[in-house]
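*Asks:* Next comes the sequence, and after it the predicted model I'd like to discuss.
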Amino acid sequence: MRAWVPPILRAVLLAVLIAFLVSPGWFSPLLKPLVQDNAPAIYNQGSLLTLTLLHLRIVAIATAGAIVVAVTLAILVTRPFGAEFLPLSRSLVNVGQTFPPVAVLALAVPALGFGEKPTLVALFLYGLLPIFENTLTGLTTLPVSVMEAARGSGMTERQRLFKVELPLAMPVILAGIRLSVVISLATATIGSTVAAKTLGEVIIAGLQSNNIAFVLQGGLIVGALAVLIYDGLSAIERVLARRAGLFS
């Protein structure tokens, strides 16, 4: 019975989230005690569903870019010809963690203007490190016996990379992607300070009008998305780990 509890809770969370985004008015009685006077209990300056989809789009684009760059760098520095560039690569991917996202936004706005672009840059830089480090770990901790068997079978270096190394390292790589996505989901909210369309708009509107219900709505939607996406990627990671275990 206990094994069914987490899936049921996840299904309930997903159902409540979808219901709130499609018909937020249903939840107005629950949020009404949090507002003062005749202030609206439900965010009324735009569509919560649209903002959520735009929020997810920004995170998806930034994460896709981070995956391409971070995985490519990790592959290069684990090849004999690129090993000497490992310190430089680590310095590059650490840039996003060195500067706070707000600082990156402040630096990017004069060059890129207001809107999505500065937010994409900040999320891209912030997402590089976990993906790079996990890819590096996955590629450098492969079973020696498997690698020797791949070489002994006559595989070229390219074949070993795509048919052996990356498939076996995929669970570890996905763990880095999972961490990067969750970080980006939360960090994307600050993009609204530079006019990006994210769920940060709801939180900022609540702070400006002293409307706790707005702040709660924005925060809970982001939190629910993070939990569901984290859980979904964890499930995929477990499946890949089992498959990798069969071949290692």
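*Replies:* Looks like it came in fine. Residues are numbered from 1 along each chain as shown.

*Asks:* From now on I want contacts and neighbour counts done on CA atoms only, so please keep to that.
*Replies:* Fine.

*Asks:* Show me the longest helix that occurs in the protein.
*Replies:* Ranked by residue count under DSSP state H, the longest helix found in the chain is helix 212-247.

*Asks:* what comes into contact with the lowest-mean-pLDDT helix or strand in the chain?
*Replies:* In the chain, no helix or strand scores lower on mean pLDDT, DSSP states H and E than helix 95-98, which sits at a mean of 78. Contacts with helix 95-98, where a contact means Cα atoms under 8 Å, 6 or more residues apart in numbering, come from 122, 124-129.

*Asks:* so where do the strands sit in this structure?
*Replies:* Taking DSSP state E, the chain contains no strands at all.

*Asks:* Do a quick rundown of the helices in it.
*Replies:* For the chain, the helices defined by DSSP H cover 5-22, 28-31, 48-77, 86-93, 95-98, 101-112, 116-140, 144-152, 157-160, 166-187, 200-209, 212-247.

*Asks:* Could I get the ones you listed in CSV, plus columns for distance to residue 42?
*Replies:* As requested, the helices of the chain are arranged in CSV below (distance: least, Cα to Cα, whole Å):
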stretch, distance to residue 42
helix 5-22, 10
helix 28-31, 6
helix 48-77, 9
helix 86-93, 40
helix 95-98, 35
helix 101-112, 28
helix 116-140, 25
helix 144-152, 57
helix 157-160, 54
helix 166-187, 21
helix 200-209, 10
helix 212-247, 7
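
*Asks:* Can you tell me, leaving aside adjacent residues, what's nearest to the residue nearest the centre of the chain?
*Replies:* Centroid check for the chain by Cα atoms, centre = their mean gives residue 181 as the closest residue, at 0.7 Å. Distances taken as Cα to Cα, 6 or more residues apart in numbering put residue 63 closest to residue 181, at 6.5 Å, once the chain neighbours are dropped.

*Asks:* Quick check: the gap between the one you found and residue 128.
*Replies:* 8 Å (Cα to Cα, to the nearest Å).

*Asks:* Quickly list what's touching both of these two.
*Replies:* Shared contacts of residue 63 and residue 128 (Cα under 8 Å, 6+ apart): residue 180.

*Asks:* circling back to that earlier point, just the buried residues of the longest helix of the chain, please?
*Replies:* With burial defined by 16 or more other Cα atoms under 10 Å, the residues of helix 212-247 counted as buried are 212-219, 221-222, 224-226, 228-231, 233-234, 237, 240-241, 244.

*Asks:* Please apply the same query to stretch 28-45.
*Replies:* 28, 31-32, 35, 40-43.

*Asks:* average pLDDT for that stretch?
*Replies:* Predicted confidence along stretch 28-45 averages 85 (mean pLDDT).

*Asks:* now it, how far from the chain's geometric center?
*Replies:* 30 Å (Cα atoms, centre = their mean, to the nearest Å).

*Asks:* got any ranges where the chain has weak pLDDT?
*Replies:* Scanning the chain for pLDDT under 70 picks out the ranges 1-5, 244-248.

*Asks:* Of the buried residues of stretch 28-45, just say which sits nearest to residue 107.
*Replies:* Top of the list for closeness to residue 107, among the buried residues of stretch 28-45 and by Cα to Cα, is residue 43 at 30.7 Å.

*Asks:* Residue 36 versus the closest one, what's the distance?
*Replies:* Per Cα to Cα, residue 43 is found 14 Å from residue 36.

*Asks:* Next: residue 166.
*Replies:* 55 Å.

*Asks:* Number of residues surrounding residue 12?
*Replies:* 12 (other Cα atoms under 10 Å).

*Asks:* Please read the previous query as pertaining to residue 91.
*Replies:* Neighbours of residue 91 (other Cα under 10 Å): 12.

*Asks:* 787 is where my numbering starts, stick with that
*Replies:* Will do, 787 is the new start, and the previous item becomes residue 877.

*Asks:* if I pick it, what's in contact with it?
*Replies:* So residue 877 contacts nothing (Cα under 8 Å, 6+ apart).
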